[in-house]
Each structure stands twice: as structure tokens, then as C-alpha cells.
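[1] 3D, please:
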Amino acid sequence: MAPAVENLTGNVVTTPASTEIRITRVFLAPRELVYKAWTSAEMLVHWFGCAAFTTISAEAEARVGGTWRVVLRSPDGTDFPAFGRYLELVPVERIAMTHQWEKQVVEVNPAGLETVVTVELFEVPGGTRLEFRQTGLASEASRDSHVGGWCDSMDALSGHLADKGSS
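    Residues are numbered from 1 along each chain as shown. You can find the predicted model right below:
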């Protein structure tokens, strides 16, 4: 029998389609704080992006129709902005937003392709279970390249939330 998701604090990744990613992760932080991490520029800048890049800026206008934007800097100093707009915001429960790259990051991730990211948050004993879904990716190769970046982001978010909890 598989362990309950609530006992897992690592990333549980599934790829139900060639253009879709799902990640489940439990964070040892209250739902309000996890929601704020996704909707606050002050928090986004600390965790959004893959481990090989540095997030140098973040903007978030957390309202339906509002926009978000982060700029990731590669080790060679090239900036890669990602951006989108908020489609749905249900405080502490659900976020739906578009996601796209301003310019091509790697060959399999075309610039300008708009995907949809949905984040659902559930209160569990001792923390918050996050269920992440990204749909509309260009290909299986694009999907696979995003998995690593999102898992890096979830790991960084976990560390940032732990830091917030200890302050």
C-alpha cells in the first residue's frame, strides 16, 4: 500500500499526458503562507525558478486579470523572463494563472507559448498539501524540461517557507 501523500514532504511527480505535469508536495507551513508565496513578489523572488538560475526580480499583481513576472538569470548572465496573468484566485485555496517564456530558454521550450498553471492548497495535519498542474506544454520534451525546474522551485519554496517559519 502506498504511503499517504500527507506523509510526503518531497515532490511527487506524475505526467498524465505528453503536455501535462502534476506535482504534489506537502509543505510544513500554513496554507495562508503557501498561498502568499505564490501571490507576493516579495516571496516569489526567493524561490521561483530552477536551481541553476538565480531569480533576480519578481512582480505580482494578485487579482484576476492581474499579471505576474519573474526574471531568471542563467549562469552565463543571460536573463530569461517568465510571465503570465492570474485567471482565478480563491484565497488560500486555489490559484490559476497563465505561464509563458518571453524568450526561448532551451530548444524544447518555445517563447510565447502560453500554458496554464493551477495550484490547489489543502490543509493537512502539520502543514499544507499543494497540488500543482501545468497544461498546454509544447511537447513531451518541453514537459520533461519543465519538471526539473518546477521540482527545483518546490524545493526552494520549501526552504523559504522553513526560513519564514523560523523568523
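[2] In terms of secondary structure, what does the helix or strand of the chain with the lowest mean pLDDT contact?
    Of the helices and strands making up the chain, the lowest-confidence element is helix 140-166, at a mean of 89, by mean pLDDT, DSSP states H and E. Counting contacts by 3 or more CB pairs under 8 Å, 6 or more residues apart in numbering; DSSP states H and E, helix 140-166 packs against strand 12-17, strand 20-27, helix 31-39, helix 41-47, strand 127-135. No exception for glycine: its C-beta is placed from N, CA and C like everyone else's.
[3] could you dump the ones you listed to JSON lines with mean pLDDT?
    Shown next, in JSON lines, are the helices and strands packed on helix 140-166 (pLDDT from 0 to 100):
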{"stretch": "strand 12-17", "mean pLDDT": "94"}
{"stretch": "strand 20-27", "mean pLDDT": "97"}
{"stretch": "helix 31-39", "mean pLDDT": "97"}
{"stretch": "helix 41-47", "mean pLDDT": "97"}
{"stretch": "strand 127-135", "mean pLDDT": "97"}
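[4] quick one on the thing from earlier: for the least confident helix or strand of the chain, which positions count as buried?
    142-143, 145-147, 149-154, 156-158, 160-161 (16 or more other CB atoms under 10 Å).
[5] Now Glu123: which helix or strand?
    Secondary-structure assignment from DSSP states H and E places Glu123 in strand 115-124.
[6] packing partners for that strand?
    Using 3+ CB pairs under 8 Å, 6+ apart as the contact criterion, the secondary-structure elements in contact with strand 115-124 are helix 31-39, strand 94-101, strand 127-135.
[7] These: which one's closest to Gly84?
    With CB to CB as the criterion, Gly84 lies closest to strand 94-101 of those, at 3.7 Å.
[8] for the protein, which strand is longest?
    Assignment by DSSP state E gives strand 79-90 as the longest strand of the chain.
[9] can I have that strand written out in PDB, keeping just the CAs?
    In PDB, the C-alpha atoms belonging to strand 79-90 read as follows (Å, rounded to 0.1, in the frame of the first residue of the first chain):
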ATOM      1  CA  ASP A  79      18.100  36.900 -18.400                       C
ATOM      2  CA  PHE A  80      15.000  34.700 -19.100                       C
ATOM      3  CA  PRO A  81      11.700  36.400 -18.100                       C
ATOM      4  CA  ALA A  82       8.700  34.300 -17.400                       C
ATOM      5  CA  PHE A  83       5.300  35.900 -17.000                       C
ATOM      6  CA  GLY A  84       1.600  35.400 -17.100                       C
ATOM      7  CA  ARG A  85      -1.800  36.600 -15.800                       C
ATOM      8  CA  TYR A  86      -3.900  35.400 -12.900                       C
ATOM      9  CA  LEU A  87      -7.000  33.700 -14.200                       C
ATOM     10  CA  GLU A  88      -8.500  32.700 -10.800                       C
ATOM     11  CA  LEU A  89      -7.700  33.500  -7.200                       C
ATOM     12  CA  VAL A  90      -9.500  31.800  -4.300                       C
END
